[in-house]
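Peer 1: I would like to see how this sequence folds:
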Amino acid sequence: MIRKTYRPLSLKEAISCRNETRGVLHAGGTDLMVRNRQWGGVPRRSAPDTIFIGHLKELQHIRRDGGRLIVGACAILSDLKSHREIPAMFKQIIGDMASPAIRNLATIGGNICNASPAADTLPWLYGVDASILCESVDGQREIAIDRFIRAPGETDLAAHEILTAVIIPCDAFTCEFHRKVAARRANSLSKISFLGLAKKEQRRLTDIRLAFGAVGPTVVRSRELERALVQASLSSRQQDDVWRSMRQILKDYSELIRPIDDQRSTADYRRHAALRLAEDYLRSLSD
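Peer 2: Got it, this is the predicted structure:
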């Protein structure tokens, strides 16, 4: 069967086309092209219809709406990195992704929908409680990113839907930290990544978010353990007591971190490095 390709002229047309064809959405294509690469000598597989959406201006916006940012799914990474409204921490993370050529094509929506455990944007998006806006002929729906991504390569996006925007709360944090561990600073997949965001008032934690990438099927974040960290900080009188509580909570995190061995790293290294980064971050907060 000959594959058909579509290049809709508007978002409305794209949604209609997706509903009728259930075609694969193509924005920047930096992940999709690699995934569908045809190796020499291998019989050609039947390919689904493709719907090109990366050119749609309706999906390229970056704007503030009150206390949140609305980022179009086809906003490219280089535009995010240079935009005045994007938080500095996220710009730093994007700057460590891929190469300038890839950042000029890759989209935030594509990075999310690829649903890789090693995706560089995901720990930060999990940490700030981002949500995903999906649209179809039936209307719109908003879903938290940790419910949108189900498993490696698997999302909650329905066959007739298009991811149209990422919604990012504009929270301010007093203690931010991110580290990507990879063979190179950029243009290399993460072995692990760690994100720490916290708010402190009078040396007490009032909010903390910890997110680990590439150490499980999806990003690892536990709101229950985050609440325990805040409670330990608020209820303990001495910093030594706070740190003892934090060490116990780190042991609980070790049960959630379940990395694998692959060509980039070993499970033991990933587990050790992830917990060490978290420990160093928490220790800096307890000083």
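Peer 1: contacts and neighbour counts: CA atoms only from here.
Peer 2: Will do.
Peer 1: residues touching residue 73, list them.
Peer 2: Remark: with contacts taken as Cα atoms under 8 Å, 6 or more residues apart in numbering, residue 73 is in contact with 59-60, 107-110, 163-166.
Peer 1: rerun that using 7 Å as the cut-off
Peer 2: When contacts are counted by Cα atoms under 7 Å, 6 or more residues apart in numbering, residue 73 is found next to 59-60, 107-109, 163-166.
Peer 1: just give me the closest of those residues to residue 280.
Peer 2: Minimum separation from residue 280 among the contacts of residue 73 (Cα to Cα) is found for residue 108, which lies at 29.5 Å.
Peer 1: give me the nearest residue to the closest one, chain neighbours excluded.
Peer 2: Counting by Cα to Cα, 6 or more residues apart in numbering, the nearest residue to residue 108 once its immediate chain neighbours are dropped is residue 73, at 5.8 Å.
Peer 1: angles on the backbone of the one you found, please.
Peer 2: Per-residue torsions, residue 73: phi -60, psi -30 (degrees, to the nearest 10).
Peer 1: for residue 7, same thing?
Peer 2: Its backbone dihedrals place residue 7 at phi -130, psi 80, with angles given as degrees, to the nearest 10.
Peer 1: again with the one 4 residues further on
Peer 2: Backbone geometry at residue 11, expressed as degrees, to the nearest 10, gives phi -60, psi -40.
Peer 1: quick one on the thing from earlier: do you know the pLDDT at the residue nearest to residue 108?
Peer 2: Residue 73 is assigned 98 on the pLDDT scale.
Peer 1: would you mind measuring from it to residue 56?
Peer 2: As judged by Cα to Cα, to the nearest Å, residue 73 and residue 56 stand 10 Å apart.
Peer 1: least trustworthy helix or strand in this structure by mean pLDDT?
Peer 2: Of all regular secondary-structure elements in the chain, judged by mean pLDDT, DSSP states H and E, the least confident is helix 32-35 with a mean of 61.
Peer 1: count of neighbours near residue 100?
Peer 2: Applying the criterion other Cα atoms under 10 Å, we find 15 residues in the vicinity of residue 100.
Peer 1: let me know the helix or strand that the nearest residue to it once chain neighbours are set aside is in.
Peer 2: By the measure of Cα to Cα, 6+ apart, the closest residue to residue 100 outside its immediate chain neighbours is residue 78, 7.5 Å from it. Element membership for residue 78, per DSSP states H and E: helix 77-82.
Peer 1: what does that helix contact?
Peer 2: Among residues not part of helix 77-82, those counted as contacts by Cα under 7 Å, 6+ apart are 86, 91, 94-95, 103-104, 106-108.
Peer 1: among those residues, which ones are in helices?
Peer 2: Under the assignment DSSP state H, the contacts of helix 77-82 contribute 91, 94-95, 103, 108 to helices.
Peer 1: and the helix or strand containing residue 279, what does it pack onto?
Peer 2: Under the criterion DSSP H and E, the helix or strand holding residue 279 is helix 267-286. In this structure, helix 267-286 packs against strand 190-201, helix 239-256, with contacts taken as 3 or more Cα pairs under 7 Å, 6 or more residues apart in numbering; DSSP states H and E.
Peer 1: low-confidence ranges in the stretch 101-250 of the chain?
Peer 2: For the stretch 101-250 of the chain, the stretches with pLDDT under 70 are 185-186, 236-237, 239.
Peer 1: got the contact list for residue 110?
Peer 2: Going by Cα under 7 Å, 6+ apart, residue 110 touches residue 27.
Peer 1: distance of the residue lying closest to residue 193 once chain neighbours are set aside relative to residue 212?
Peer 2: Setting aside the residues directly before and after it, residue 193 is nearest to residue 180 in space (Cα to Cα, 6+ apart), at 4.4 Å. As judged by Cα to Cα, residue 180 and residue 212 stand 10 Å apart.
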